[in-house]
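Q: Quick one: sequence and predicted model below, then my questions.
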Amino acid sequence: MKRKQRALAAAANADLDSDADEPTQTTLPLESFSGDACAALTARYGRSSAPQHRHLLASAAAIRSILLDDGLPLTPASYLPAAVSALRAAGSADPAAAAALASLLVTLLPHIPSSPSPLPPDAASESASALAAFLSSPDASRLPTGTVRSVVKSLGHLTLHLDAAADWDAVAASLEALLAASVDQRAKVRKCAQESVEKLFAYLAQCDCTKKASNAATCMFEKHISSVQSIVHLNSDISEGKETEAAHMLGTMVNLVPYLSKKARKNVFLDAYQLLNPCFTPLTRHTIRLLVTLLDHLKAEGVESEVESLVSLVVAYLPYDEKKPDDTIVSAFHLIKSCLDKLVGRSKLWMEALPTALEAVSGYLTLGRKCSDDIAKVVRDCIDSHINQNIFVTSGPQLTNSRFEGLSDQSALKSICLTINSRLHTCAYPPDSILTIVLGLFLKLVKKRKRKDLKFWTDQLWNLLPSFCRYPIDVHDSVGSLFKLLVQISKCDDCLYKYAVQALQVALRCLAQLSGSMNICELFVSLVKRFDLEDTPLEPDSQECKTDEEDRMDELVKKKDRKDAESTEFKTDEVDMKDGESTECKTDEIGRKDEKSTDATVELNNKRSLLLELISTFVEVADEDLLDKLFRFIKSCLLDSSMSCHSKALFALSTIVKEHSEYSLAHLDEMMLLLHGMKSALDNTVLENQLLCYQHLLVHMIKVNEENTSKKAFLILNELIVALKSKKESRKLAYDVLLATSTNLRSPESNNADSDLQRLFTMVMGYLSSPSPHIVSGAIAALSLLIYSDANFCMEVPNLIESVLVLLQHKAIEVTKAALGFVKVLVTSLQPQKLLNLQADIISGILPWSLVTKHHFKGKVVLILEILIRKCGFDAIDLITPDKFKGFVRSVEEVVGSSCTVFSMRKLVDSNAETGQGTPSRRAPPNSWSAGKKQGKDFHLKRRTGRGNNPHAAKRRHLSRGSGGKGDRTTSKPKSKWQPGK
């Protein structure tokens, strides 16, 4: 019996997360055909061989002929009555005709405005009544789902054309039919009906017909609920059809609650809460959801006694039972909170309900599942809302003299604490869920002394801030005092700390604008001293250290140029950063010392973090002298082995690089060595800010276009390409950096051969000749991303397309996957006329891989062929197809012609019986690497030019959805919240 109940529950919940809506049809361009729907449909579907399109056109033509004979205008309003009559006549005897007529109705109605409606009232009423009768007849149940769904949608549209006040009978019939369809067993029909009913109720509310509509809804609700209401408490088997219909009715009422009258809401509430049972039933989840929605719209004075009864029923459901779904327990406790909130200030219900409910649900708090944390959060919200803080600070004599209500509060709190204590004794260690509740209780227990301290610090803060609005002579003292105050506050209240830092940043900007009032550089130095950070080096490095850094940077570039051909990526951490030569630099001596985790270290890091947050403000007004001091401070933080401030230090460095290009290029070697030495494996924010620095540096280096900086730019580009082939988080961030870099380099002169954007593409294309397949596939992924927003750009870069197409003959699987992904992006983005000159090279490159089903190669080829056939036509493709593959291409064309889905095509091409080419193969196509290697190198040696536009995020999402195999890196969708360049 329980198994049956679970099956029924799953079926009843299908409306929540099952069949999605079908795609909406594109509006017909009727204005181009003088309003004639038949002509517009013929122009759209006239060349289609699909049976449903032929039936649709035939039906439209027949109705058009009738309208012409009768001398009626060829408008959607004229087509509608004739289509409805034909649908009634066809019925279930001719399903194809019924489907075509239903599709015609769905197409016509959006073109008929509802206000003012061009339909005559009699015609609209007659058509609506006819559709309602059609839906209510037994014929409708025998028709396909799509046909019934179209009729339901048409009836919903048509009812909005009726005058509810003058013709309620027609509206009532339509409403009854739609309500009946809202509990249909077919999910698509049911969901469409529920949406139509909701729109109709909103329309009827505007017509002052809320009461009549509410009566119709409550009658339908009582009809379905009464059949199961008497059986649900007996825990007996209920008819499967009745139970699922009742569940669907509950779901429908959830959407209608905002439109019901007050009386109807109360009646539904009285019927619904009686469906609750201590045991789980398929109706439990829907009942709780409906009750929560009703409580949001009911007033407390009307249902106070019923809410108290409801609390008792919900508490009875809460005790632990492995057969009860976790989500229903969480929802039930949310319902308890809604009941308590509804009666806040009117009753002391919480003193009995909350301790009892917590005791009942306490078994879930120790399970360690998601529901444990969810329940704990709800309990904490109840504590915050209903437990008075004064309970905690009542002394002994006060407790003795307190009133009865106070004693009840104390008893309730004691009961809650005893329940928590008893659960803690059953656990080896305190679960997070119970600690969340305990934290809520302790936050209520605020000592008076601590409250006084917090108020004192806040008052001192606001007393200091006004000094920054004038021309103070003691500004250094004021800033120092403020900083010390902020450190104290940061230990107790993060919110105050954050707002105070923001206020200080604004104050610093104002001070910087006061000419001659103070020296910002001296202010920063004074702050460093006041934080006891005098040991931090703020002066530029010696000439000896600079020479050493230049030598190490040259060594880094040389190692990249002679990297081993067998390595899969260039390891930048191979640079001898720990060599004895670098120990002579005083910054290394300071930063690389081991620090123990002591209170002094934590306080030091807090001070550093605060200064790092303010550096972005100093950077806006900094001269070269201040930039030197800021950079030395950032460098000392980055060289700190504790790594506690690395993320903030890198972000501060990115502001310097972004705002001061000349300074960054002057200290390029030093910055590059710092960035290459960062370890970001354990902290994703470190990697984000590290790549942000790389982004701004790369833009500056490409724009300056010097030989020395160009070589170092390859180090950054290498990091990005390697990141494209690494873990998911790194890949997303690298995509964002590449897109932001191309955006910053784009200019009106991007088409020129010597433009900044051209140089970026040239640098990326250089990696196509790498001996490492890992690097080659990463470079192809980068090119795919860069050209997606404007594929025409790649047409202007000499040999770009040929350089990638030749890699289809590469022997490495990951290179082939990336190349096929590039081709997919190319054919998706280019216009048909641009593809005509490329289709021969594309076809010859991809067709040999149709013989290989492994790694989804065959499916990728099919997808590319489908796009080419749709854009260029089958005849053009067949003309350049080798005889060996003509049968395969023809099979793809047949699938395209029958308008099958992509999944159907893949199933077709993977079938050996259909194509005869499905034999798995481990070998690459003939003429692979030996024939293509020299040609590929020739392509890479030629000069490359191009242009591009800003890739749009929506297109990247489309690119991600269009990805093929698991290893296709070219279509990964960036989801990172960090947006570079902003």
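A: Here it is on my side, so go on. Numbering: from 1, shown residues only.
Q: I'd say residue 625 and residue 520 touch.
A: No: checked against CB atoms under 8 Å, the pair residue 625 and residue 520 is beyond contact range at 10.1 Å. Backbone N, C-alpha and C define where each C-beta goes, glycine included.
Q: So those two - more neighbours on which side?
A: Between residue 625 and residue 520, counting by other CB atoms under 10 Å, residue 520 is the more crowded of the two (17 against 11).
Q: Distance-wise, check the more buried one relative to residue 529.
A: Going from residue 520 to residue 529 by CB to CB, to the nearest Å gives 15 Å.
Q: before we move on, what about residue 766?
A: According to CB to CB, residue 766 stands 49 Å off from residue 529.
Q: Pull out the buried residues from the helix or strand residue 292 falls within.
A: Here residue 292, judged by DSSP states H and E, is contained in helix 284-297. Buried residues in helix 284-297, counted by 16 or more other CB atoms under 10 Å: 284-295.
Q: got a pLDDT number for residue 406?
A: The model reports residue 406 with a pLDDT of 43.
Q: Same check on residue 691?
A: As predicted, residue 691 sits at a pLDDT of 90.
Q: Tell me which helix or strand it sits in.
A: Counting by DSSP H and E, the element that carries residue 691 is helix 684-704.
Q: Pull out the buried residues from that helix.
A: By neighbour count on 16+ other CB under 10 Å, the buried set for helix 684-704 is 686-702, 704.
Q: circling back to that earlier point, which strands and helices sit next to the helix holding residue 292?
A: helix 2-12, helix 240-256, helix 262-273, helix 300-317, helix 326-342 (3 or more CB pairs under 8 Å, 6 or more residues apart in numbering; DSSP states H and E).
Q: Lowest average confidence across those, which one?
A: Of all the helices and strands packed on helix 284-297, the minimum mean pLDDT falls on helix 2-12 (a mean of 44).
Q: Run a quick neighbour tally on the closest residue to residue 202 other than its chain neighbours.
A: Nearest non-adjacent residue to residue 202, counting by CB to CB, 6 or more residues apart in numbering: residue 259, 6.2 Å away. By other CB under 10 Å, the residues close to residue 259 number 21.
Q: same check, this time on residue 314
A: Neighbourhood size, residue 314 [other CB under 10 Å]: 24.
Q: Please tell me I have it right and it contacts residue 337.
A: No: counting by CB under 8 Å, residue 337 is not a contact partner of residue 314; they are 10.3 Å apart.
Q: Let me have the helices and strands packed on helix 284-297 in TSV, extended by distance to residue 138.
A: What follows is these, written out as TSV (distance: least, CB to CB, whole Å):
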stretch	distance to residue 138
helix 2-12	23
helix 240-256	16
helix 262-273	29
helix 300-317	40
helix 326-342	37
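Q: Out of those helices, which gets nearest to residue 433?
A: Ranking these by distance to residue 433, with CB to CB as the measure, places helix 326-342 first at 11.7 Å.
Q: Show me what secondary structure element comes after that closest one.
A: Downstream of helix 326-342 (by DSSP H and E), the next one is helix 349-365.
Q: As CSV, could you dump the C-alpha coordinates of the strand or helix carrying residue 88?
A: For residue 88, the host element (DSSP H and E) is helix 76-90. The C-alpha coordinates for helix 76-90 follow below in CSV (Å, rounded to 0.1, in the frame of the first residue of the first chain):
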residue,chain,number,x,y,z
PRO,A,76,-8.5,36.3,-38.2
ALA,A,77,-11.8,37.3,-36.6
SER,A,78,-13.6,35.9,-39.7
TYR,A,79,-11.6,32.7,-39.7
LEU,A,80,-12.3,31.9,-36.0
PRO,A,81,-16.0,30.9,-36.1
ALA,A,82,-15.6,28.8,-39.2
ALA,A,83,-12.6,27.0,-37.6
VAL,A,84,-14.5,26.3,-34.4
SER,A,85,-17.5,24.9,-36.3
ALA,A,86,-15.2,22.7,-38.4
LEU,A,87,-13.5,21.5,-35.2
ARG,A,88,-16.8,20.5,-33.7
ALA,A,89,-17.7,18.6,-36.8
ALA,A,90,-14.4,16.8,-37.1
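Q: Buried residues of it, list them for me.
A: By 16+ other CB under 10 Å, the buried positions in helix 76-90 come out as 76-88, 90.
Q: need those residues in CSV with pLDDT and distance to residue 422, can you?
A: Below are the buried residues of helix 76-90 laid out as CSV (pLDDT from 0 to 100; distance: CB to CB, whole Å):
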residue, pLDDT, distance to residue 422
76, 86, 70
77, 85, 72
78, 86, 76
79, 86, 73
80, 87, 69
81, 88, 73
82, 88, 75
83, 89, 70
84, 89, 68
85, 89, 73
86, 88, 72
87, 88, 67
88, 86, 69
90, 84, 70
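Q: tell me the SS of residue 622?
A: Secondary structure, DSSP: H, G, I helix; E, B strand; the rest coil: residue 622 is coil.
Q: so how far is residue 188 from residue 55?
A: Residue 55 is 20 Å from residue 188, by CB to CB.
Q: what does residue 340 give?
A: Remark: distance between residue 340 and residue 188 (CB to CB) = 39 Å.
Q: low-confidence ranges in the stretch 551-700 of the chain?
A: For the stretch 551-700 of the chain, the stretches with pLDDT under 70 are 551-600, 679-682.
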